[in-house]
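Asker: fold the following.
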Amino acid sequence: MNPGRGTLLPKRISGLQDLASNLWWSWNPTAREVFRWLDYPLWQSTDHNPLKLLGAIAPERFEEAAANPLFLQLYDKAIEKLSRTRTGHGTWWAQRNHHPDFSIAYFSAEFAVHQSVPLYAGGLGVLAGDHCKEASDLGVPLIAVGLRYSMGYFQQAISAEGHQQEVYDRFSIDETPLTRALIPDGKPCVISVPIADKTVRVAVWLVSVGRVKLYLLDTDVEDNPQWARELSARLYVGEPDARLQQEIIFGIGGVRALRALGCDPAVWHLNEGHAAFVIFERIRELTEGGMSADAALVKVRSTTLFTTHTPVAAGHDTFSIDAVDSHLASFWDKDRNLRSALLSLASSAGETSRFNMTALAFRGSKERNAVSRAHRSVTEELFTPILGVSEPVRAVTNGVHVPTWVAPAIDNLFERYISADWKDHHDDQNLWDRVFTIPDHELWQLRQLLKGHLLTFIREHAREHWIQNKTTTAAQMAATGTLLDPSALTIGFARRFTEYKRSELIFDDHDRLLRLLNAPGRNVQLIFAGKAHPSDEHGKQSLNRIYRCAADSRFAGRVAFIDDYNFHRAHFFVQGCDIWLNNPRRPLEACGTSGMKASINGVPHLSVSDGWWSEGYTGSNGWLINPEECTGDHGEADTIYRLLEEQIVPAFYERDAGGVPIRWVAVIKQAIRTVIPHFCARRMVKEYVNQMYLPLGTEKGS
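Answerer: A predicted model of the protein is given here:
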């Protein structure tokens with residue numbers, strides 16, 4: 001029997017299958033509690049995957065649940081909430097009386113909604129997943145489009161010497177809520193995309209994310225040759241030809257899939273340049289209807305929005321013009337005018353042999369936005385020489401989906417002291433002045449509890465590796481050391497390992513750091529996690545050096561590296577650390593949302609003035625590595641040490657008669673008060689709706 005599919009459920013609780021098949025459950029406490037109640041140890045061992053859970057539970061357990069009044073009360077509440085979610089009645093969008101046929105197509109190369117559907121590498125995917133969840137909560141009619149990576153992103157293993165090893169495994173569709181998308185006549189949706197002189201068949205899958213439909217394109221179709229079947233297997237393939245083919249499938253195939261499914265979006269939102277071929281396909285549609293290429297471009301631009309997240313030219317995909325011309329030969333067939341018009345959209349000033357995906361997205365969109373105010377000016381500077389002209393760019397600072405990232409214990413605390421329905425109004429700044437009514441001792445006890453959860457997770461993770469004989473004594477030391485002290489100030493650093501993130505900056509002066517980590521009665525411990533891109537040798541070397549520091553006895557077990565960082569583990573980190581460290585090289589952090597996730601849980605941010613922190617820092621809600629006070633890596637490392645020595649460590653360890661660090665708790669409250677309303681996905685999505693979706697949508701019929 002496939003896990004969760006075809007499981008025989010008692011009629012009284014037959015809705016469990018439906019509940020497990022919509023990822024809405026993943027950010028709704030009542031629904032999660034339903035599955036936890038059925039079998040909590042199994043819930044943990046299946047990595048919180050309800051379909052796997054339902055397939056593994058003994059039939060008699062379902063019978064017991066169907067006869068238990070307390071479970072039935074919980075189950076009925078969850079089913080009723082899901083039903084209400086699907087209707088869309090009473091949502092923010094519905095109350096604005098928008099046209100019922102209005103919809104937004106949202107294209108992103110990755111989506112992180114839950115770890116059971118591994119279609120993400122990092123921040124871009126988490127942002128896209130949070131965007132979809134918030135659109136669902138607000139009732140915004142979003143239709144998301146991505147790729148169905150059969151291998152997802154790699155799983156990380158660390159060798160005994162501390163080297164990253166990439167492991168790719170195909171994930172089973174039977175263990176996910178993916179179902180085949182159906183066209184209006186009820187048949188499975190399969191479309192065709194031309195590549196060179198071949199035709200690639202593309203199957204379309206559907207994932208329900210609350211009210212939002214997420215469609216995933218999949219080339220692993222029997223009719224396709226092996227090279228084509230592998231096109232959608234891996235996220236961000238490195239080989240240029242395969243990458244180009246994958247992006248052709250994504251953009252052109254995405255439009256064709258929506259057309260086959262009967263979707264006619266009013267607005268097309270391209271989240272990064274990977275989906276820029278959407279513009280080509282929409283122009284081709286219009287020229288086939290008799291419109292000129294120039295007129296078609298005007299029409300397409302008027303309803304297209306492009307969001308860029310990448311502040312460096314090297315991060316934007318470019319391809320050989322000859323390769324694009326060859327792969328799209330049958331796309332424009334013999335229409336040389338169309339070919340010339342389309343290719344010119346992706347040209348870079350002074351670089352005529354390269355096809356720039358972001359230049360295409362810029363020129364093909366009426367609205368363009370960066371993802372923080374600091375990133376806006378960087379983006380305008382970056383693209384003036386590429387486009388040959390200065391183009392205006394908006395700033396819509398990223399936000400995080402608060403119901404996903406807030407710890408359940410923090411949620412309960414807010415229900416008692418902020419408002420019973422705080423999640424319905426969490427973007428209201430006035431609401432958060434009530435954070436000062438939370439008793440200091442209660443908030444501090446809760447923060448200690450969450451740190452305990454993190455340290456327990458680290459111990460269990462290391463124990464599992466030991467049992468499975470996947471680790472050596474040195475590796476065990478690196479994974480945990482003696483990082484079991486719940487009273488020590490715990491600093492978290494978890495993100496992609498790449499040069500500009502400067503993961504090793506805090507190790508700039510080993511002697512000074514050692515004094516900080518081992519100060520009598522004021523110990524500090526560091527936890528690192530993250531992956532380096534498979535082709536990023538600098539990132540891999542940095543990871544290796546940190547791993548070796550973690551295994552070095554000189555650091556007395558005060559440094560740990562946790563392998564295979566993922567969506568699930570991120571929750572423990574952002575909820576359980578005492579402080580969140582972020583020290584990218586300015587101005588290369590477009591936004592950076594991990595610090596937002598930490599702050600909403602009362603984990604103050606220590607960061608450079610870049611990305612969101614350049615507009616989020618207030619002077620009382622965390623700490624700033626001020627560029628005006630230091631220069632270069634050594635100067636910024638010195639600032640980190642001084643902040644720790646003079647402000648952070650003293651504030652954490654100075655306690656009142658009841659053992660509460662009053663100054664520290666004051667920073668926690670300010671972090672919660674200032675970050676939740678201003679850096680939530682609710683504020684972000686509302687900005688997209690009011691500033692771009694609605695204004696662009698009015699252009700559709702003109």
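
Asker: and the pLDDT for Glu239?
Answerer: If you check Glu239, the pLDDT there is 89.

Asker: could I get the phi/psi values of it?
Answerer: Dihedral pair for Glu239: phi -70, psi 120, per degrees, to the nearest 10.

Asker: what's the spacing between it and Asn224?
Answerer: Plainly put, Glu239 is 18 Å away from Asn224 if you go by CB to CB, to the nearest Å. Just so you know, the C-beta spots here come from the backbone N, C-alpha and C atoms, and that holds for glycine as well.

Asker: which one's more surrounded, those two?
Answerer: A side-by-side neighbour count of Glu239 and Asn224, using other CB atoms under 10 Å, places Asn224 first with 18 against 9.

Asker: what about the more buried one, which SS state?
Answerer: coil (DSSP: H, G, I helix; E, B strand; the rest coil).

Asker: was I right about Leu231 contacting Gln245?
Answerer: Yes - using CB atoms under 8 Å, Leu231 makes contact with Gln245 at a distance of 5.5 Å.

Asker: so what sits against both of these two?
Answerer: Common contact partners of Leu231 and Gln245 (CB atoms under 8 Å, 6 or more residues apart in numbering): Val200.

Asker: which residue ranges form the helices in the stretch 351-500 of the chain?
Answerer: 357-363, 373-387, 402-405, 408-417, 440-467, 473-479 (DSSP state H, counting those that start in this stretch).

Asker: neighbouring contacts of the first one?
Answerer: When you say that, I think you mean helix 357-363. For helix 357-363, the external contacting residues (CB under 8 Å, 6+ apart) are 247, 270, 272-277, 279-280, 301, 306, 308, 310, 316-319, 345-348, 368, 383, 386-387, 391.

Asker: could you rerun that using 7 Å?
Answerer: By CB atoms under 7 Å, 6 or more residues apart in numbering, the surrounding residues in contact with helix 357-363 are 247, 270, 273-274, 276, 279, 306, 308, 316-318, 345-348, 368, 383, 386-387, 391.

Asker: what residues go with each domain of the protein?
Answerer: For the chain, automatic domain parsing gives the domain ranges 11-87, 105-398+686-697, 402-678.

Asker: can you redo those as TSV with distance to Arg96?
Answerer: TSV is the format used below for those (distance: least, CB to CB, whole Å):
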stretch	distance to Arg96
domain 11-87	16
domain 105-398+686-697	9
domain 402-678	15
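
Asker: of all those, which one is nearest His98?
Answerer: domain 105-398+686-697 (7.7 Å; CB to CB).

Asker: longest strand in the chain, by number of residues?
Answerer: Longest strand in the chain by number of residues (criterion: DSSP state E): strand 198-209.

Asker: list the buried residues of that one.
Answerer: For strand 198-209, a neighbour-count test (16 or more other CB atoms under 10 Å) marks Val200, Arg201, Val202, Ala203, Val204, Trp205, Leu206, Val207, Ser208, Val209 as buried.

Asker: which residues touch the fifth one?
Answerer: The one in question is Val204. Ala181, Cys189, Tyr215, Leu217, Ala257.

Asker: can I get the buried residues of strand 198-209 in CSV including distance to Ala374?
Answerer: Below are the buried residues of strand 198-209 laid out as CSV (distance: CB to CB, whole Å):
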residue, distance to Ala374
Val200, 40
Arg201, 44
Val202, 38
Ala203, 41
Val204, 38
Trp205, 37
Leu206, 37
Val207, 33
Ser208, 36
Val209, 30
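
Asker: need those in a markdown table (columns: pLDDT).
Answerer: Formatted as a markdown table, these follow (pLDDT from 0 to 100):
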| residue | pLDDT |
| --- | --- |
| Val200 | 97 |
| Arg201 | 98 |
| Val202 | 98 |
| Ala203 | 98 |
| Val204 | 98 |
| Trp205 | 98 |
| Leu206 | 98 |
| Val207 | 98 |
| Ser208 | 98 |
| Val209 | 98 |
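
Asker: any idea how far the nearest residue to Arg180 once chain neighbours are set aside is from Leu182?
Answerer: Using CB to CB, 6 or more residues apart in numbering and skipping the chain neighbours, the partner closest in space to Arg180 is Pro188 (4.4 Å). From Pro188 across to Leu182, the span is 6 Å (CB to CB).

Asker: with Ser365 instead?
Answerer: 31 Å.

Asker: these two: which is more packed in?
Answerer: Between Ser365 and Leu182, Ser365 has the larger neighbour count (other CB under 10 Å), namely 26 against 13.

Asker: from what I see, that one and Thr304 are in contact.
Answerer: Yes - counting by CB atoms under 7 Å, Ser365 touches Thr304, with 4.3 Å between them.

Asker: give me the common contacts of those two.
Answerer: Listed contacts common to Ser365 and Thr304 are Leu270; contacts here mean CB under 7 Å, 6+ apart.

Asker: kindly indicate which of the buried residues of strand 198-209 lies nearest Pro403.
Answerer: Val209 (12.9 Å).

Asker: which residues touch Met151?
Answerer: Tyr168, Asp169, Arg170, Ala233, Arg234.

Asker: what about those residues, which are in helices?
Answerer: Counting by DSSP state H, the contacts of Met151 place none of their members in helices.

Asker: list buried members of those residues by neighbour count.
Answerer: Ala233, Arg234.

Asker: could I get the contacts of Met151 as JSON lines with distance to Thr456 and pLDDT?
Answerer: Below are the contacts of Met151 laid out as JSON lines (distance: CB to CB, whole Å; pLDDT from 0 to 100):
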{"residue": "Tyr168", "distance to Thr456": "30", "pLDDT": "89"}
{"residue": "Asp169", "distance to Thr456": "27", "pLDDT": "86"}
{"residue": "Arg170", "distance to Thr456": "31", "pLDDT": "86"}
{"residue": "Ala233", "distance to Thr456": "36", "pLDDT": "93"}
{"residue": "Arg234", "distance to Thr456": "34", "pLDDT": "91"}
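
Asker: show me which of the contacts of Met151 is closest to His114.
Answerer: Asp169 (17.3 Å).

Asker: quick one, what contacts that closest one?
Answerer: Per CB under 7 Å, 6+ apart, neighbours of Asp169: Met151, Gln155.

Asker: before we move on, the earlier item: nearest to Glu645 among the contacts of Met151?
Answerer: Closest to Glu645, out of all of the contacts of Met151 and judged by CB to CB, is Tyr168, at 44.0 Å.

Asker: so how far is Gln156 from that closest one?
Answerer: For Tyr168 relative to Gln156 (CB to CB), the value is 11 Å.

Asker: same question for Leu9.
Answerer: Going from Leu9 to Gln156 by CB to CB gives 37 Å.

Asker: do Gly186 as well
Answerer: Counting by CB to CB, the gap from Gly186 to Gln156 is 42 Å.

Asker: settle it for me: which of the two has more neighbours?
Answerer: Neighbours were counted for Gly186 and for Gln156 using other CB under 10 Å; Gln156 has more, 18 against 6.

Asker: quick check: end-to-end length of stretch 315-330?
Answerer: In stretch 315-330, first residue to last residue: 29 Å (CA to CA, to the nearest Å).
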